[in-house]
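A.B. asks: Build me a model:
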Amino acid sequence: MRFVILFCFIVTNTFSQSDAKVSYPQKDSVVNLEDIVVTATKTPKRKTNSPILINIINSDVIRNVQACNLSESLSFQTGLRVETDCQTCNYTQLRINGMSGGFTQILINGRPTLSPLMGLYALEQLPSNMIEKIEVMKGGGSTLYGSSAIGGTVNIITKIPKENNSQIEFATHLIDQQSNDYSVLGNASIVSESKKAGLSLFVNKRDREAYDSNNDRFSELPQLNNLSFGANMYFLPMENQKLDISFNSIYEYRYGGEMPVQNPSHFANQSEERTHRIFMGNIDYQINFNNYNSSLITYLAYQNTNREHYTGIKPDDDIKLDIFLKKPPYGDSYVKTLNTGLQLNHMVSPFFSGDNLLTLGVDYLHDSVFDEINAYNYRVDQVSKDLGIFLQSDWEINQRLSFLNGLRADFHNFVDKTIFSLRASMLYKANDDLQFRFGYGTGFRAPQALDTDLHIAFAGGGISRVTLSPKLKEEKSESFNLSMNYDKAKENWIAGFTLDLFHTRLINAFILKPIGQDAFGEVFEKRNGQGALIKGINFEARANFNSVVQLEGGYTVQSSNFDNSVEYIKGIPAIKEFIRTPDTYGYAVLTYTNKNISSTVNYVYTGSMKVPHFAGAPNQLIDEIVTTDSFSELSLKFNYTISADSVSLDLYTGIKNIFNDYQRDFDIGKNRDSNYIYGPAQPKTTYLGVRLSFN
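C.D. replies: As a prediction, the model looks like this:
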């Protein structure tokens, strides 16, 4: 806490005394990314000119919905749904168009530095005040990003230095009138007078108490203590060159289970404890030449995670308890990720008709995961290596018609043969208001342990683990997308809608097969199934009236089914439906803004889904597949701004999940099925905060 206050004091004084003659970057500056997307093509491109549909969650939306972290930001985009998958540790995953987190490639500034192990908690560990905007590309992206980009790609772009400013903010949340959640955060940026250099800094300190929903003295929300800080900077050594450097550091302590917090953790009847120390950084260097018709980009990104963890249940039997206390199930994890490569872009103009931007790239990803708990004879020692070579053609034939085609070859150490991924997309502008897009792509997932495979859960009075079949092969995909985008602009308003149809066929789809129990609990084996089909439609609408009232929302209708029925629980009839995957879900955000007052109402709908429920807890005597209720999560925020010269003060308050639509049938006691959790991430929560800004 003292570190955060000191940081904010320094930057506040630095920028409040800055020279009034400092000039700021204009909207056409090289450092500005407004209305420019990079995820679809790996090159800057206006969103309206991209043959692939890109959705954007900007920092204004993140602030208006009072999102504390990345996880709380992602629900406000059509086709996206964040789910919590453990009642004890609360690990999360992002589903895109109904496909689980392992199908989604999450990038930090365009680089895949989130390892499978870090992916378990990263959505909640990355603070919202580090985010400039989030670009979302639904559908296959393996042509550019390799393995795991089947369901979609999410690119988190960190704060960009645009002008000299600083902020300090404090917020307090009260969860269901029993648990406190405090956060202190600060941001600062500075840009040189010549605009050839800029620096953006952030810091975030969060402390949350554990929360118990059903009064059984076991938490549904874990205790969190998080400290994050980082920087993003650029430098233009010459007019045609640019150097980008960024880094982030995260420390997090997480404890869930018996309350109050037990120390050491193995004295608790049931608990999970995690201590993460994470460092991420990347360097990008770009040089433009040939009269700016060509450019060369080289990059290096690195991530290192050290984790100490505990997952255990205290035995009732005296003999087993003695063994347990002599050798409690503590573990260690070490993860390193390295991504490097180069990319050559060349504009061919004219190219028959129009211009064609050709891109040739080489990308190498090295990821090593070591995770061990000696007491459970559990060990993962996995090193994955993927060398990708890709070629892309971005051909704008004329102002109405564009084609984007690409081919990538992946040489992956877990796959015997070279994997080729293809992408073909088309954009047709019928007029200034109406656009049609068509996309086709193939992709793959390597046969390796992914995020959810590395999570040890509680079930049936023991633990459950996932092993990999020795015959496991890569999973392949074939995806189609067809969308229509309409926007009509007048002098005082703009309104529009998007229809997006998606269809994804999985081949050799990964499934989890229950194979019985050992001395520690349930064991599942990851195998190849026959196939699966995911299809549906996303509908979104938007309107802005005179920059005062803005409404946006989206709704998804889909189906996700395996070709053959899958046995999720041994002895329970198999089903074809994907578990934890509702057929309908959506969101809406309504914002009103005037000179001093702004208010936001947001709504998240989650439809009914099927969730496995293992016996073991006193309130659950049989194994079963449960069909859940649907949920409607309504939230409200008010903000009042006081401004004077270059200083502004924001006072805000609000309520999340006003009607407390939250899961009611949690398991109780230490023998609970910790994976039996669904619906909204938190119950009714009231909050208030203050933000001081210097411009």
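A.B. asks: tell me what the helix or strand hosting Asp332 is packed against?
C.D. replies: For Asp332, the element it lies in under DSSP states H and E is strand 330-348. Under the contact definition 3 or more C-beta pairs under 8 Å, 6 or more residues apart in numbering; DSSP states H and E, strand 330-348 sits against strand 294-313, strand 355-373. For glycine as for every other residue, the C-beta is placed from the backbone atoms N, C-alpha and C.
A.B. asks: Would you mind putting those strands into a markdown table with distance to Met280, mean pLDDT and mean neighbour count alongside?
C.D. replies: Shown next, in a markdown table, are these (distance: least, C-beta to C-beta, whole Å; pLDDT from 0 to 100; neighbours: other C-beta atoms under 10 Å):
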| stretch | distance to Met280 | mean pLDDT | mean neighbour count |
| --- | --- | --- | --- |
| strand 294-313 | 5 | 97 | 19 |
| strand 355-373 | 13 | 96 | 18 |
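A.B. asks: Looking at those, which is nearest to Thr606?
C.D. replies: strand 294-313 (27.7 Å; C-beta to C-beta).
A.B. asks: The strand or helix carrying Tyr182 pairs with which strands, and in what direction?
C.D. replies: When secondary structure is defined by DSSP H and E, Tyr182 falls within strand 179-191. Strands that pair with strand 179-191, judged by DSSP bridges, come out as strand 165-175 (antiparallel), strand 197-208 (antiparallel).
A.B. asks: Strands along the stretch 451-600 of the chain, start to end?
C.D. replies: Shown for the stretch 451-600 of the chain, the strands assigned by DSSP state E, counting those that start in this stretch span residues 457-459, 462-468, 475-489, 493-507, 510-517, 521-528, 531-545, 549-566, 575-577, 584-593, 597-606.
A.B. asks: could those strands go into TSV alongside distance to Leu117, mean neighbour count and mean pLDDT?
C.D. replies: Formatted as TSV, the strands of the stretch 451-600 of the chain follow (distance: least, C-beta to C-beta, whole Å; neighbours: other C-beta atoms under 10 Å; pLDDT from 0 to 100):
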stretch	distance to Leu117	mean neighbour count	mean pLDDT
strand 457-459	15	28	82
strand 462-468	13	20	87
strand 475-489	20	18	95
strand 493-507	24	18	96
strand 510-517	18	17	88
strand 521-528	16	18	89
strand 531-545	25	18	96
strand 549-566	25	18	96
strand 575-577	28	16	96
strand 584-593	28	19	97
strand 597-606	27	20	97
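A.B. asks: Let me have those in CSV, extended by distance to Gln93.
C.D. replies: Output for the strands of the stretch 451-600 of the chain, formatted as CSV (distance: least, C-beta to C-beta, whole Å):
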stretch, distance to Gln93
strand 457-459, 13
strand 462-468, 14
strand 475-489, 17
strand 493-507, 17
strand 510-517, 14
strand 521-528, 16
strand 531-545, 16
strand 549-566, 15
strand 575-577, 18
strand 584-593, 15
strand 597-606, 14
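A.B. asks: returning to that earlier point: quick one: distance of the strand holding Asp332 to the chain centre.
C.D. replies: Centroid separation between strand 330-348 and its chain, computed with C-alpha atoms, centre = their mean, to the nearest Å, is 17 Å.
A.B. asks: And that strand, what's buried?
C.D. replies: Neighbour-count burial for strand 330-348 flags 330-331, 333, 335-341, 343, 345, 347 (criterion: 16 or more other C-beta atoms under 10 Å).
A.B. asks: out of these, who's nearest Leu300?
C.D. replies: Nearest member of these to Leu300, counting by C-beta to C-beta, is Thr340, at 4.8 Å.
A.B. asks: Now the closest one. Nearest residue, chain neighbours left out?
C.D. replies: Among residues not flanking Thr340 along the chain, Leu300 sits closest, at 4.8 Å (C-beta to C-beta, 6 or more residues apart in numbering).
A.B. asks: I'd say that neighbour and Tyr285 touch.
C.D. replies: No: assessed by C-beta atoms under 8 Å, Leu300 is found out of contact with Tyr285, at 9.0 Å.
A.B. asks: Could you dump the strands paired with strand 179-191 into TSV with distance to Ile677 added?
C.D. replies: TSV is the format used below for the strands paired with strand 179-191 (distance: least, C-beta to C-beta, whole Å):
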stretch	distance to Ile677
strand 165-175	16
strand 197-208	17
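A.B. asks: follow-up on the earlier one: so which of the buried residues of strand 330-348 comes closest to Ile569?
C.D. replies: So of the buried residues of strand 330-348, ranked by how close each gets to Ile569 (C-beta to C-beta), first place is Gly331, at 26.5 Å.
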